[in-house]
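In: the following comprises the amino acid sequence and a computationally predicted model.
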Amino acid sequence: MSQNFHFLTERERERERERMACFDRASPALKETLLKIYRAEKPIEMDQRLFEFGAVEYHIKSSASDPQYVYLSISTPLLSQEVSLARGISQGTAQTIKGIHSDMVELIEPAAEGYQLTLRLDFYKIPQGKESSKIITEIASIQAAILSCQLKDMLTNVTSQDTSQGMYKPIKLVYHPREPFFVVRQPEKTTAVFPMRFQEKTDVIIATAFFQELMDVGSSEAWVKVPLCAWSPIPPPELRGEQMEDLSTNGGFISFDILPRHVKGKRLDKTVWNLLNFYAFVKYHVKCTRGFIQRRMRKRLDNLVKVLHVASSEEDGYAIDPQGCGCIKSIISVPKPNNTVRRRCRNFTRKIKRMRCPIKIQGFRRFRRRWLTVPKFSSPFKYTKLD
Amino acid sequence: MANSLRLYLTCIRNTLEAAMCLQNFPCQEVERHNKPEVELKTSPELLLKPILICRNEAEKCLIETSINSLRISLKVKQADELENILTKKFLRFLSMRAEAFQVLRRKPVQGYDISFLITNYHCEEMQKHKLIDFIVQFMEDIDKEISELKMSVNTRGRLVAAEFLKQFV
């Protein structure tokens, strides 16, 4: 995803790519740690915990006596509170994880205490070269895979309990804390509804402008294949009956209609990941826009100030008579002194100052003030100011 | 430039040319003090009648003159909420850096978006007609800048929306 690439130089784009690592499926910290263990010349002893997004925890354990295997345990908050914690990970999730390089990754059951999942990674079976980086990146994307599986399970397992008066009950999902979103299953489509909340009014207005553009782009002919997007300031009818605290927003509600073609095959992963990261995407866009406005204002300030400095600098070297004063008619133009003249004046001034006598003589101060002060050759004012 | 804007700016220019006749005038109440009388408003005989020039309900310019100072307050057009926040942000940004402009007031007069305070000292240091040109140019530039900012924000939003939706294809 590129946010503001079109407005940046090449160097800034590189920095932008690094910053947007939070939208990558692979955990950057986990990837870096696994690569460090893999590339270490000597076997290293490691027992490290990593925390991400406030609630995701990784536990990496490697032993110097057994460098072949590295144990990775993962604890991630569940998307929906309706799923029982005792069940741990579902069958679908376990199948997906087993599908990730089954010769190198083994699912250990039961998982380590306090964690939902423990994997044993066989580093000796990872091929050398560029392939190793790719495999480790896939392993580091395990948390994204777990969450995506949870959402896929919920979307595919619709039971009779989920319907009420012919309408499907919205499923409340929490990926980011305090930012729940709803998924409503319908016969022809699935609707994802995001209640948007922002802390400042400026953010609300920038985000609302973005949502308007999102709707316009989504409804254009060139973008027929994308999910239909709608924004409304009031809760949509599908969310009737939900708790007030979930429906009170200042940024309105944005909904995406996900059709079967958006969740077929490989597109299912992309769609699910995009939906999970929609809040973060919008917040990041708002932050970048504010930064852009600030940069632009600073640039404009320089241009505006230049105009005023030109107005005041043109005054140098000219003494123009003020309007209404008929005494002085002619315009006196004082030529600017060149460097030689300036240097000579400076030397002369220094000589005068050196003539200060170190011994204090009574009455000499008055003499010095009267005869030895350097006269002013030019005055910035057109007339002598009376105190 | 639109016809109504040209007339509006011409009217402001002519008024400023007439109003910017400032001279040094020490404070009548406090010894050895020299204050801009338009700010204090303690001596009515030193103040001229304020002039309000309105282009429409949303845009207006208030020119208050005194013997040694002149205050110009501007209300900028704000068509929607986005322009409203962009105008507030930008003018507040400029006001906080008022020392760079010398003639800009740190806080606008109540009911207006931005204010200038020109004293006799400014008229001595800078050319009067250049000062007036600066004020008029400033008004044009602010309008242009707000419009460009709004367009940039919307264009960015459109590009970002396109990038987001591309992920689903």
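Out: Sure thing, it's come through.
In: wait, A:Leu117 touches A:Ile146, no?
Out: Yes. With contact taken as Cβ atoms under 8 Å, A:Leu117 and A:Ile146 are classed as touching, separated by 7.0 Å. To be clear about C-beta, it is placed using only N, CA and C from the backbone, and glycine gets the same treatment.
In: let's verify the residue sitting nearest the centre point of chain A: helix, strand, or coil?
Out: The structure's chain A has its C-alpha centroid closest to A:Tyr284; by Cα atoms, centre = their mean the separation is 4.3 Å. Under the three-state scheme (DSSP: H, G, I helix; E, B strand; the rest coil), the conformation of A:Tyr284 reads as helix.
In: now the strands for the stretch 251-387 of chain A?
Out: A:253-258, A:318-319, A:332-333 (DSSP state E, counting those that start in this stretch).
In: so which elements touch the first one?
Out: In this case it means strand A:253-258. Using 3 or more Cβ pairs under 8 Å, 6 or more residues apart in numbering or on different chains; DSSP states H and E as the contact criterion, the elements in contact with strand A:253-258 are strand A:190-195, strand A:228-232, helix A:267-276.
In: give me that answer again for 10 Å
Out: Using 3 or more Cβ pairs under 10 Å, 6 or more residues apart in numbering or on different chains; DSSP states H and E as the contact criterion, the neighbours of strand A:253-258 among helices and strands are strand A:179-185, strand A:190-195, helix A:201-218, strand A:228-232, helix A:267-276, helix A:278-313.
In: got TSV for those, with mean pLDDT and distance to chain B too?
Out: Written out in TSV, the entries for the helices and strands packed on strand A:253-258 read as follows (pLDDT from 0 to 100; distance: least, Cβ to the nearest Cβ, whole Å):
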stretch	mean pLDDT	distance to chain B
strand A:179-185	85	15
strand A:190-195	90	12
helix A:201-218	93	4
strand A:228-232	91	8
helix A:267-276	82	5
helix A:278-313	84	4
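In: need these in CSV (columns: distance to B:Pro36).
Out: Written out in CSV, the entries for the helices and strands packed on strand A:253-258 read as follows (distance: least, Cβ to Cβ, whole Å):
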stretch, distance to B:Pro36
strand A:179-185, 52
strand A:190-195, 52
helix A:201-218, 34
strand A:228-232, 50
helix A:267-276, 59
helix A:278-313, 19
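In: quick one: which of those is nearest B:Glu83?
Out: helix A:201-218 (9.8 Å; Cβ to Cβ).
In: list the buried residues in the closest one.
Out: Of the residues in helix A:201-218, those with enough neighbours to count as buried (16 or more other Cβ atoms under 10 Å in any protein chain shown) are A:202-215, A:217-218.
In: next up, the contacts around A:Tyr38.
Out: Under the criterion of Cβ atoms under 10 Å, 6 or more residues apart in numbering or on different chains, the contact list for A:Tyr38 reads A:62, A:70, A:121, A:123, A:126, A:128, A:132-133, A:135-136.
In: between those, which is nearest A:Met297?
Out: Nearest to A:Met297 among the contacts of A:Tyr38, with distances taken as Cβ to Cβ, is A:Ser133, at 42.0 Å.
In: with adjacent residues omitted, what lies nearest to the closest one?
Out: Once its chain neighbours are removed from consideration, A:Ser133 has its nearest residue in A:Leu35; the separation is 7.0 Å (Cβ to Cβ, 6 or more residues apart in numbering or on different chains).
In: chain B: strands as residue ranges?
Out: B:51-54, B:60-65, B:69-75, B:114-119 (DSSP state E).
In: so the last one versus strand B:69-75, what angle?
Out: Yep, that's strand B:114-119 we're talking about. Strand B:114-119 and strand B:69-75 meet at an angle of 170 degrees, taking axes from the mean of the first three to the mean of the last three Cα atoms, to 10 degrees as the criterion.
In: quick one: strand B:114-119 to strand B:60-65, angle?
Out: When the same axes, to 10 degrees is applied, the directions of strand B:114-119 and strand B:60-65 differ by 20 degrees.
In: okay then, goodbye and thanks.
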